[in-house]
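**Student:** Need a 3D model of the following:
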Amino acid sequence: MAGLELTSLRSPRVKAARRLAKRAFRRRERLFLAEGPQAVREALEVPGRLTELFATAEAESRHPELVTAADRAGVPVLRVSGEVMADLAQTVTPQGLLAVCSLIDVPLAEALAPGTRLVTVLAHVRDPGNAGTVLRTADAAGSDAVVFTDASVDPYNGKCVRASAGSLFHLPVVTGPRFDELVPELKASGLTVLAADGAGERTLDHAIDGGLLARPTAWVFGNEAWGLPDEILRQVDEVVRVPIHGRAESLNLATAAAVCLYASARALSI
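**Tutor:** Next up, the predicted model:
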């Protein structure tokens with residue numbers, strides 16, 4: 001259990017954790033930060049995932065079960081002052097709990113194990129909040145895995161972790177493959193590769209009615225502002241657009257992903 005309170009911003013443990021706000025250090029140390037009780041709770045569900053826990057005295061009193069569970073799991077629990085937590089946290093109003101976790105990404109071959117039926121691919125997705133929300137949506141819709149290509153945001157970005165609301169810990173995540181190397185692997189695994197893009201000739205309604213979504217599928221979602229580049233659209237099996245029945249110019253990324261993934265989940269009887 002936590003002992004003396006760390007109050008110095010120069011503490012080696014504090015400095016080491018603070019460095020994890022930068023992608024280069026996360027990759028080098030194979031660690032990332034997860035903030036808040038929900039993230040800590042989810043991390044504790046995976047043995048060995050949580051490696052260190054920072055907690056303010058107030059947070060300890062609010063969430064004693066989480067601190068106790070971490071202590072019983074052999075995780076070092078460090079009590080810190082409000083000033084130290086404010087320095088470590090990446091939110092305006094810290095919740096008083098900050099976990100240091102080991103990276104969770106897996107090799108592509110593991111994510112595409114036999115029986116995989118629904119995969120979510122983020123290609124050129126740059127906004128971490130959107131990426132985390134799509135990851136959360138993929139989890140809710142029963143996606144078997146989520147792939148972040150090399151042109152997308154780091155899933156361990158603090159904002160992305162928070163937006164995933166714990167879903168980052170629920171399903172296999174693959175990071176870093178180039179799209180032109182990823183597509184052959186998806187197809188070799190028996191997945192039909194569909195790109196969600198406003199340029200599609202086939203609508204989602206047509207894809208549903210034609211039985212296209214009844215096949216194991218990898219959905220590809222692109223950049224928030226400009227969609228998917230032509231070189232990606234040329235490599236997929238079909239480009240599908242979500243129909244706009246009203247006067248809205250478009251749907252945002254997370255909403256479009258939710259519509260597409262849930263349509264597949266229903267067609268595949270997930």
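**Student:** Got the domain ranges for this structure?
**Tutor:** Following automatic domain parsing, the chain resolves into domains at 12-102, 108-267.
**Student:** mind listing what residue 211 touches?
**Tutor:** By CB atoms under 8 Å, 6 or more residues apart in numbering, the contact set of residue 211 is residue 267. Using the backbone N, CA and C atoms, a C-beta is placed for each residue, glycine as well.
**Student:** Surely residue 175 touches residue 146?
**Tutor:** No: here residue 175 does not reach residue 146: they are 9.5 Å apart, not a contact under CB atoms under 8 Å.
**Student:** which residues are in contact with both of those two?
**Tutor:** Each of residue 155 lies in contact with both residue 175 and residue 146 under the rule CB under 8 Å, 6+ apart.
**Student:** who has more neighbours, the two?
**Tutor:** Using other CB atoms under 10 Å, the more surrounded residue of residue 175 and residue 146 is residue 146, with 28 against 20.
**Student:** can you count the residues close to the spatially closest residue to residue 80 that is not a sequence neighbour?
**Tutor:** Closest residue to residue 80 apart from its sequence neighbours, by CB to CB, 6 or more residues apart in numbering: residue 6 at 4.6 Å. The local packing of residue 6 (other CB under 10 Å) involves 18 other residues.
**Student:** what's the pLDDT at residue 6?
**Tutor:** Confidence at residue 6, expressed as pLDDT, is 75.
**Student:** Same question for the one 10 residues further on.
**Tutor:** Here, the pLDDT recorded for residue 16 equals 95.
**Student:** what's in contact with the helix or strand hosting it?
**Tutor:** Using DSSP states H and E, residue 16 sits within helix 12-19. Here helix 12-19 makes contact (CB under 8 Å, 6+ apart) with 6, 8-9, 25, 29, 33, 52, 54, 78, 80, 84, 87-88, 98, 100.
**Student:** PyMOL command to pick out the buried ones of these?
**Tutor:** Buried members of those, defined by 16 or more other CB atoms under 10 Å, are picked up in PyMOL with:
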select buried, resi 6+33+52+54+78+80+84+88+98+100
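**Student:** which of the contacts of helix 12-19 sit farthest apart?
**Tutor:** Put simply, by CB to CB the two of the contacts of helix 12-19 set farthest apart are 8 and 29, 21.2 Å from each other.
**Student:** Tell me the bridge partners for residue 239.
**Tutor:** Counting by DSSP bridges, residue 239 is bridged to residue 195.
**Student:** ok, it - how many residues close by?
**Tutor:** Neighbours around residue 239, by other CB under 10 Å: 20.
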